[in-house]
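Asks: here is my input; please provide its structure:
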Amino acid sequence: MDPNIGQNERNESHLERCDRNLVELLQEVRVAQTGVQILFAFLLGLAFTSRFGQATELQRVDYFVTLISSGFAAMLLIAPTSQHRLLFRRGDKEISLRWPTGSSSPVSPASQFR
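Replies: Sure thing, here's the model as predicted:
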């Protein structure tokens, strides 16, 4: 194994690191958001099928809980992008990076493994 794995070999300033981490974090959210939106659209369409009327009460409750959960997940995945837009003009990108991880250092989850 290479002993240098995980060490910072990039020559970047603190602001450049924040920029890179923010871009990586938003890209990760975009990928997950697309999947949740596809699931949500599929679930919305299920209620309009002819077989939905044959569902039992338990299946309908399960459907609505899943639908509400995926809608809530979509809202949570949209929130970081909205927060970025609000903080971007203030120049405070570091808060956007601390918030999702709960850490005091601005690190995105993906950059922890680089």
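
Asks: now do the contacts for the residue lying closest to residue 30 once chain neighbours are set aside.
Replies: Residue nearest to residue 30 in three dimensions, not counting chain neighbours: residue 81, with 7.9 Å by C-beta to C-beta, 6 or more residues apart in numbering. (Each C-beta comes from the backbone N, C-alpha and C, glycine too.) With contact set as C-beta atoms under 8 Å, 6 or more residues apart in numbering, residue 81 has these partners: 26, 29, 30.

Asks: looking at the residues you listed, which has the most residues close by?
Replies: Ranked by the number of neighbours (other C-beta atoms under 10 Å), those place residue 29 first, at 18 neighbours.

Asks: in this structure it contacts residue 80, no?
Replies: Yes - with contact defined as C-beta atoms under 8 Å, residue 29 and residue 80 form a contacting pair (5.2 Å).

Asks: what about the residue nearest to residue 30, distance to residue 21?
Replies: 15 Å (C-beta to C-beta, to the nearest Å).

Asks: what of residue 44?
Replies: If you measure residue 44 against residue 21 using C-beta to C-beta, the figure is 34 Å.

Asks: which one of the two has more residues nearby?
Replies: Here residue 44 and residue 21 are set side by side on neighbour count (other C-beta under 10 Å), and the busier one is residue 21, at 22 against 12.

Asks: and the more buried one, what element?
Replies: Following DSSP states H and E, one finds residue 21 within helix 14-46.

Asks: pLDDT (mean, whole number) over that helix?
Replies: Taken as a whole, helix 14-46 has a mean pLDDT of 83.

Asks: which residues touch stretch 34-51?
Replies: Contacts for stretch 34-51 (C-beta under 8 Å, 6+ apart): 52, 63, 66, 67, 70, 71, 73, 74, 77.

Asks: pick out whichever of the residues you listed sits closest to residue 17.
Replies: Using C-beta to C-beta, residue 77 is the member of the contacts of stretch 34-51 that lies nearest residue 17, at 23.9 Å.

Asks: I'd say that closest one and residue 28 touch.
Replies: No - when contacts are counted by C-beta under 8 Å, residue 77 is not listed as touching residue 28 (9.9 Å).
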